[in-house]
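Student: give the three-dimensional model of this entry:
(one chain, ligands or ions: 1)
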Amino acid sequence: MYELKVITNFSAAHQLREFEGACEDLHGHNWKVEIYVTSETLTEAGIVVDFRVLKKHVKTIMAGLDHKFLNDLDAFKDENPSSENIARYVAEQLSSLLKAPGIKVSRVAAWESETACATYYP
Ligand SMILES: [Zn+2]
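Tutor: Numbering: from 1, shown residues only. The predicted structure is shown next:
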């Protein structure tokens, strides 16, 4: 199994509904997002997927999150924009953008601080 990883960032505000604690109030984070894709096979060029293609898709997804109030986005209308749900959202978006055969988004980790991270395994 081959695994690629890209790391990206975005800054946004959120507010967690039904949450008793500091995250209930409006505030922001600088999220670090780690994205892993896997494949059992390589292309003829000996790669899983061109990093430029992968990063282009990741950039598109980040553009939809960066400097936004996440609660206002359609994706988080009915569920909290928690780091857990953000990780799942990024995984689902990337899965739908990545068309190369055999490639799977295997893990997305969303760091909301230096020491706190939520990971989603599709
Ligand atoms: Zn928060």
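
Student: which of the helices or strands spans the spatially most central residue of the chain?
Tutor: In the chain, the C-alpha nearest the mean C-alpha coordinate belongs to residue 90, at 3.2 Å (C-alpha atoms, centre = their mean). Assessed by DSSP states H and E, residue 90 sits inside helix 83-97.

Student: that helix: what's the following helix or strand?
Tutor: Later in the chain than helix 83-97, the nearest helix or strand by DSSP H and E is strand 104-113.

Student: low-confidence ranges in this protein?
Tutor: Scanning the chain for pLDDT under 70 picks out nothing.

Student: show me where the chain has its strands.
Tutor: 2-14, 27-39, 104-113, 116-120 (DSSP state E).

Student: which positions in the third one come out as buried?
Tutor: For strand 104-113, burial by neighbour count (16 or more other C-beta atoms under 10 Å) applies to 105-112. (Glycine included, C-beta is placed from N, CA and C.)

Student: and the shortest one, by the same measure?
Tutor: When neighbours are counted by 16+ other C-beta under 10 Å, the buried residues of strand 116-120 are found to be 117-120.

Student: in its sheet, what does it sit against?
Tutor: Sheet pairing for strand 116-120, assigned by DSSP bridges, gives strand 104-113 (antiparallel).

Student: tilt between the strand it pairs with and helix 83-97?
Tutor: Interaxial angle of strand 104-113 relative to helix 83-97 (axes from the mean of the first three to the mean of the last three C-alpha atoms, to 10 degrees): 150 degrees.

Student: kind regards, and thank you for your time.
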